[in-house]
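> sequence unknown, structure follows:
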């Protein structure tokens, strides 16, 4: 049974870089045919796809976030990570990691429980 | 960038049917049927209920159905139940050279 668990700081200062990790149990990232991604949701607001990675190297990012985002995989730890730099209050959100099929099918079927990140000084 | 517009809220009584619309722009809903729908209860992660416009993942009730007409995708819930009260989000594939997905703003369903 697949389990996804986000981990990282709950509070980050403006202008700093956020680093989150999604630990994967029940599937092997290195041999999986799935994509691994991040989606966020500001408190009380809608969902925003951040980006996804496939086959440990092919990355796809939301154009609205530009070059602020990096998603990577650590196959030795069986986890994948999100780095988001130049943080502002607008980046305050619940961050979810997801496993999904080909991006164009939008089968975000497996989700972590989410982790709240607050950007504040 | 594509924009998906949903009504802020809809409501219905138990047993009734409701429809939630999702209207897209640019290279979104109108050009393909790559639309998914998610249900989210308060404090929970979203749940995929419809993909590729009208397909249901295993375990999702047949009371949920999806369709599309022109630039508008729709989610219909028949035989409304109290447990259906939740936020619903549409999501569309958008982009060609740089693939990405975009979500609608969400619709709050209230079961009266």
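Received the coordinates, thanks. This is a predicted model, so every value here is computed, not measured.

> rest of the way, CA atoms for contacts and neighbours
OK.

> what's the single longest strand in chain B?
With secondary structure taken from DSSP state E, chain B has its longest strand at strand B:86-94.

> Partner strands of it, with direction?
If you go by DSSP bridges, strand B:86-94 pairs up with strand B:35-40 (antiparallel), strand B:100-103 (antiparallel), strand B:107-111 (antiparallel).

> Does chain B have contacts with the helix or strand of chain A with the lowest mean pLDDT?
Every helix and strand of chain A was ranked by mean pLDDT, DSSP states H and E. The lowest is strand A:58-61, at a mean of 93. Yes - remark: strand A:58-61 sits within contact range of chain B at A:60, A:61, by C-alpha under 8 Å from any C-alpha of the partner chain.

> Beyond that strand, next helix or strand please.
Proceeding N to C from strand A:58-61, the next assigned helix or strand is strand A:69-74, under DSSP states H and E.

> now for that following strand, which elements pack on it?
When contacts are defined as 3 or more C-alpha pairs under 8 Å, 6 or more residues apart in numbering or on different chains; DSSP states H and E, strand A:69-74 sits against strand A:48-54, strand A:79-84.

> Can you give me every residue that contacts residue 5?
As the question left the chain open, I've gone with chain A. Residues near residue A:5 by C-alpha atoms under 8 Å, 6 or more residues apart in numbering or on different chains: A:22, A:23, A:24, A:97, A:112, A:113, A:114.

> The intended chain is chain B.
Shown in contact with residue B:5 (C-alpha under 8 Å, 6+ apart): B:21, B:22, B:23, B:24, B:104, B:105.

> Quickly list what it is bridged to.
In this entry, residue B:5 is beta-bridged to residue B:23, by DSSP bridges.

> still on that earlier bit, lowest average pLDDT across the strands paired with strand B:86-94?
In terms of average pLDDT, strand B:100-103 trails the rest of the strands paired with strand B:86-94, at a mean of 92.

> So which bits of chain A are right by chain B?
Residues of chain A lying near chain B (C-alpha under 8 Å from any C-alpha): A:45-49, A:51, A:60-63, A:96, A:103-109, A:111-114.

> If any of these are buried, put those into a PyMOL selection.
Selection of buried members from those for PyMOL, criterion 16 or more other C-alpha atoms under 10 Å in any protein chain shown:
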select buried, chain A and resi 46+47+48+49+51+60+61+62+63+96+103+104+105+106+107+108+109+111+112+113+114
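
> rewinding a little: which of the contacts of residue B:5 has the most neighbours?
Highest neighbour count within these: residue B:22, with 28 neighbours (other C-alpha atoms under 10 Å in any protein chain shown).

> how deep is residue 39 tucked in, by neighbour count?
Went with chain A since none was named. Residue A:39: 19 surrounding residues under other C-alpha under 10 Å.

> you looked at the wrong chain, it should be chain B
For residue B:39, using other C-alpha under 10 Å, the count is 22.

> The one 3 residues further on too?
Taking other C-alpha under 10 Å as the neighbour definition, residue B:42 ends up with a count of 10.

> For stretch B:19-39, measure first residue to last.
When the termini of stretch B:19-39 are compared using C-alpha to C-alpha, to the nearest Å, they are 14 Å apart.
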